[in-house]
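Engineer: have a look at this prediction, sequence included:
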Amino acid sequence: MAVTASPVPSHRRSLRKRRTIVVTAAVAAAGIGAGILVLNANAASTGVDLYHQTLAAKDGWASAGTGTTGGAKADAAHTFTVSTRAQLVKALGSASDTTPRIVKIKGTIDANTDDSGKKLTCADYSAGTGYSLSAYLKAFAPSTYGRSKLPSGTQEKARAAAQARQAKNVIFRVPANTSVVGVPGTNAGITGGMLQIQSVDNVIVRNLSFAATQDCFPQWDPTDGDSGNWNSQYDAVTLRGATHVWADHNTFTDAPGLDTSDPTYYGRQYQIHDGELDITKGSDLVTVERNQFTNHDKTMLIGSSDTDSVGKLRVSIHHNVWKGIVQRAPLARIGQIHIYNNYYDTTALNGYTLLYSVNSRAKAQVVVQNNYWKVSASQKLGKLFSGDGTGSIAGSGNLVNGTATDLVAAYNAASSKKLKTTVNWTPTLTAGLETSAKNLPTELATTTGAGILK
């Protein structure tokens, strides 16, 4: 089935239908052309044009400078409705093409399919490469191979070749000036795939469910930690050197392939999941709002290493739900990160048990403001934050089970690697900031995640 180009609706007609929504001031403040609508991202049932909607003025770091408009200026020839992997690849086109485009995803796209729609398995990707898990396990058993060096040789080359074949299918490269938006009422999303937003500017990702992003061929690293680890590729959404990105009203989950179903090899979990939404390699000016992050271990990484880009990694994270998350909600390095009005439900879920919520390290400057944590009686408050002794968290207005709590003080009282309590910046791009967190559990239950926007 061919990719279909959809007619571009009239902005003027849509605006007349929504006279109760004030957009003029936001347009002027953002310095955006009059033909682009700038509306509140929480307008869940107002019949707004989701595909041309752009980030409102002062709505987090992604609104800085030129703002984030995605594909709002796309013409009819660059407006697509897709429902298969092959159609999505064609609609996205070349990652170097900066022509504005809108890609509407209708229904759920399975990334592990071929161009005809046939389902592909891990065995299909490894066929002909010479890779087999049993041979790999035999080749790199710590008792014989040791723990001092990364795998190399015939089976490691075969594993990498099989992984490359899967990557060719499951990675979708998003070009600049693009909006990728789920069509309401169709359970829109991607299963088993990764949106890669790399070295491009001005991208919007909205109203999509990302599920079961899995690497068939994790690599064993005996030098990772005290006991080694299995490391996988593919985040559901990954930003690498990307700027002006708005991720809004999406749902992220490992389901149905939960970690509890993974086997153990060499005494370590055979981890087939990487991140849910990672922001690395000098990415900058990002707003992540009204998403649901669920059923996952290493959820959001900001900064790929302690030597990532100084002066970048500026990220706003607000009005999201984190439930069944083990860690990295987020883990932040180097940048200026504002985390506000989020709801953290730390109750163990489907085998995912909290290690920590927010980690500030590598001199990160993090402001954690007016968030709500739901914790059990056995949960130690000093374990909600984490750090390496160089990161900062300026916390205020945070509630634990409805009670105001100084989580930085709780962490510092229990740890030798103290969090610094002041930061070198003051958030100003704070549209929608609520001064109290008390209603967040109820409010965000019905206003976050995919399928909410209509």
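Structural biologist: Now that the structure is in, tell me what you want to look at.
Engineer: where does the nearest residue to G382 once chain neighbours are set aside fall, phi/psi-wise?
Structural biologist: Nearest residue to G382, sequence neighbours excluded (CB to CB, 6 or more residues apart in numbering): A414, at 3.2 Å. Glycine gets a C-beta too; all of them are placed from N, C-alpha and C. Here the main-chain torsion angles of A414 (degrees, to the nearest 10) amount to phi -110, psi 0.
Engineer: what's the distance between A414 and S386?
Structural biologist: When CB to CB, to the nearest Å is the yardstick, A414 and S386 sit 11 Å from each other.
Engineer: so these two - more neighbours on which side?
Structural biologist: For the pair A414 and S386, the greater number of neighbours falls to S386 (22 against 12), based on other CB atoms under 10 Å.
Engineer: now that one: which helix or strand?
Structural biologist: In this structure, S386 is located in strand 385-387 according to DSSP states H and E.
Engineer: what residue, apart from its backbone neighbours, is nearest the residue most central in space within the chain spatially?
Structural biologist: The centre of the chain sits closest to L277, judged by CA atoms, centre = their mean, with a distance of 2.0 Å. Closest residue to L277 apart from its sequence neighbours, by CB to CB, 6+ apart: V237 at 4.7 Å.
Engineer: I'd say the one you found and W246 touch.
Structural biologist: No. Applying CB atoms under 8 Å, one finds V237 not in contact with W246, separated by 11.7 Å.
Engineer: now the common contact residues for these two.
Structural biologist: Residues touching both V237 and W246 (CB atoms under 8 Å, 6 or more residues apart in numbering) are V205.
Engineer: low-confidence ranges in this protein?
Structural biologist: Within the chain, the set of residues satisfying pLDDT under 70 comprises 1-47.
Engineer: what segments of it are helices?
Structural biologist: Taking DSSP state H as the criterion, the chain carries its helices at 11-17, 24-30, 85-92, 122-126, 133-139, 142-145, 154-170, 407-414, 440-445.
Engineer: those: which one's closest to R314?
Structural biologist: When the helices of the chain are compared for distance to R314 using CB to CB, the nearest one is helix 24-30, at 17.1 Å.
Engineer: wait, T294 sits on T251?
Structural biologist: Yes. Under the criterion of CB under 8 Å, T294 makes contact with T251 at 7.2 Å.
Engineer: where's S199 relative to S63, distance?
Structural biologist: S199 sits 21 Å away from S63, taking CB to CB as the criterion.
Engineer: between these two, which is the more surrounded one?
Structural biologist: Neighbours of S199 and S63, each counted by other CB under 10 Å, are more numerous for S63; the result is 25 against 15.
Engineer: report how many residues lie close to Q269.
Structural biologist: The local packing of Q269 (other CB under 10 Å) involves 15 other residues.
Engineer: contacts only, for it.
Structural biologist: Contacts for Q269 (CB under 8 Å, 6+ apart) come out as W230, D259, D262.
Engineer: measure it to D262 for me?
Structural biologist: Per CB to CB, Q269 is found 5 Å from D262.
Engineer: what do you get for L429?
Structural biologist: For L429, the distance to D262 equals 40 Å [CB to CB].
Engineer: wait, A329 sits on L354?
Structural biologist: No. Taking contact to mean CB under 8 Å, the distance of 9.1 Å between A329 and L354 leaves them out of contact.
Engineer: one step back: can I get the helices of the chain in TSV with distance to V286?
Structural biologist: Formatted as TSV, those follow (distance: least, CB to CB, whole Å):
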stretch	distance to V286
helix 11-17	26
helix 24-30	16
helix 85-92	20
helix 122-126	32
helix 133-139	37
helix 142-145	39
helix 154-170	23
helix 407-414	23
helix 440-445	20
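Engineer: for K374, find the nearest of the ones you listed.
Structural biologist: Set against K374 and scored by CB to CB, the helices of the chain come closest in helix 440-445, at 6.6 Å.
Engineer: and the closest one, how far out from the chain middle?
Structural biologist: Counting by CA atoms, centre = their mean, to the nearest Å, helix 440-445 is centred 20 Å from the centre of its parent chain.
Engineer: same deal with stretch 399-414?
Structural biologist: 26 Å.
Engineer: could you tell me the end-to-end distance of that stretch?
Structural biologist: Using CA to CA, to the nearest Å, one end of stretch 399-414 lies 19 Å from the other.
Engineer: and that stretch, what's buried?
Structural biologist: Buried residues in stretch 399-414, defined by neighbour count with 16 or more other CB atoms under 10 Å: L399, V400, T405, L407, V408, A410, Y411, N412.
Engineer: please apply the same query to stretch 432-451.
Structural biologist: Neighbour-count burial for stretch 432-451, with 16+ other CB under 10 Å as criterion, is recorded at 432-434, 437, 440-441, 443-444, 447-451.
Engineer: show the contacting residues for the residue nearest to S396 when sequence neighbours are not counted.
Structural biologist: Spatial nearest neighbour of S396, chain neighbours left out: Q369 (5.4 Å); criterion: CB to CB, 6+ apart. If you count contacts by CB under 8 Å, 6+ apart, Q369 has them with H338, I339, Y340, N341, G395, S396, G397, N398, P427, L433.
Engineer: reformat these as TSV; add distance to T287.
Structural biologist: What follows is the contacts of Q369, written out as TSV (distance: CB to CB, whole Å):
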residue	distance to T287
H338	10
I339	12
Y340	11
N341	13
G395	21
S396	20
G397	20
N398	20
P427	12
L433	13
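Engineer: tell me the buried residues within those residues.
Structural biologist: If you count burial by 16+ other CB under 10 Å, the buried members of the contacts of Q369 come out as H338, I339, Y340, N341, G395, G397, N398, P427, L433.
Engineer: which outside residues touch stretch 230-237?
Structural biologist: Contact with stretch 230-237 is made by 163, 167, 170-171, 190, 193-195, 197, 205, 210-211, 213-215, 218-221, 224, 247, 250, 252, 265, 268-278, as judged by CB under 8 Å, 6+ apart.
Engineer: just the buried residues out of these, in PyMOL syntax.
Structural biologist: To isolate in PyMOL the members of these that are buried, counting by 16+ other CB under 10 Å, one can use:
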select buried, resi 163+167+170+171+190+193+194+195+197+205+210+211+213+214+215+218+219+220+221+247+250+252+265+268+270+271+272+273+274+275+276+277+278
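Engineer: narrow the contacts of stretch 230-237 to those in strands?
Structural biologist: With DSSP state E as the criterion, strands contain 171, 190, 194-195, 197, 205, 210-211, 219-221, 247, 252, 265, 268-269, 277-278 from among these.
Engineer: L429: neighbour count?
Structural biologist: Other residues close to L429 by other CB under 10 Å number 18.
Engineer: which residues touch it?
Structural biologist: K58, D59, G60, W61, S63, A64, S316, H338.
Engineer: closest to K420 among those residues?
Structural biologist: Using CB to CB, those come closest to K420 at H338, 16.3 Å.
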